[in-house]
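> sharing a model that was predicted from the sequence below.
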Amino acid sequence: MCEQDKRNETFRKIADSFIETANKHCDDHDKDLVAASLLYSTARFSAYIAASGSKDLNAYQTNRKNAIDYFTKQFKERLEENLNDYESGFKPVEAAND
């Protein structure tokens, strides 16, 4: 297995673990609350990534807009990709706690 394949496999395992955790929370909480919590967590961790990649406050402030643009673009692309996946094989999904 090449290095990129290993990275992709690890990426999917990590993503699946977050989804599994979110699904477990849906057993006890409204799915909209779980989704909002997951989105907040993603934003908070993304802010951490942006800050930790900056050598000082000036660099952080300079790179802030680029970080927002990058993470926003990535989220939009992944959301569109996943909505397309659902659309291509659309079946109503059982809603937790509805």
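Perfect, I can see it now. Numbering: from 1, shown residues only.
> now T42: closest residue in space that isn't a chain neighbour?
F75 (7.7 Å; Cβ to Cβ, 6 or more residues apart in numbering). Quick note: C-beta positions are derived from backbone N, CA and C, even for glycine.
> and the helix or strand where the one you found lies, what does it pack against?
Taking DSSP states H and E as the definition, one finds F75 inside helix 57-88. Helices and strands touching helix 57-88, by 3 or more Cβ pairs under 8 Å, 6 or more residues apart in numbering; DSSP states H and E, are helix 31-52.
> the helix it packs on vs helix 57-88, what angle?
Counting by axes from the mean of the first three to the mean of the last three Cα atoms, to 10 degrees, helix 31-52 points 140 degrees away from the direction of helix 57-88.
> report the buried residues of stretch 40-48.
Residues of stretch 40-48 classed as buried: S46 (neighbour count, 16 or more other Cβ atoms under 10 Å).
> export it as CSV, just CAs?
Provided in CSV are the C-alpha atoms of stretch 40-48 (Å, rounded to 0.1, in the frame of the first residue of the first chain):
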residue,chain,number,x,y,z
TYR,A,40,-19.0,23.9,16.9
SER,A,41,-16.3,21.3,17.7
THR,A,42,-15.0,21.4,14.2
ALA,A,43,-14.9,25.2,14.2
ARG,A,44,-13.1,25.2,17.5
PHE,A,45,-10.5,22.7,16.4
SER,A,46,-10.0,24.5,13.1
ALA,A,47,-9.3,27.7,15.1
TYR,A,48,-6.7,25.8,17.1
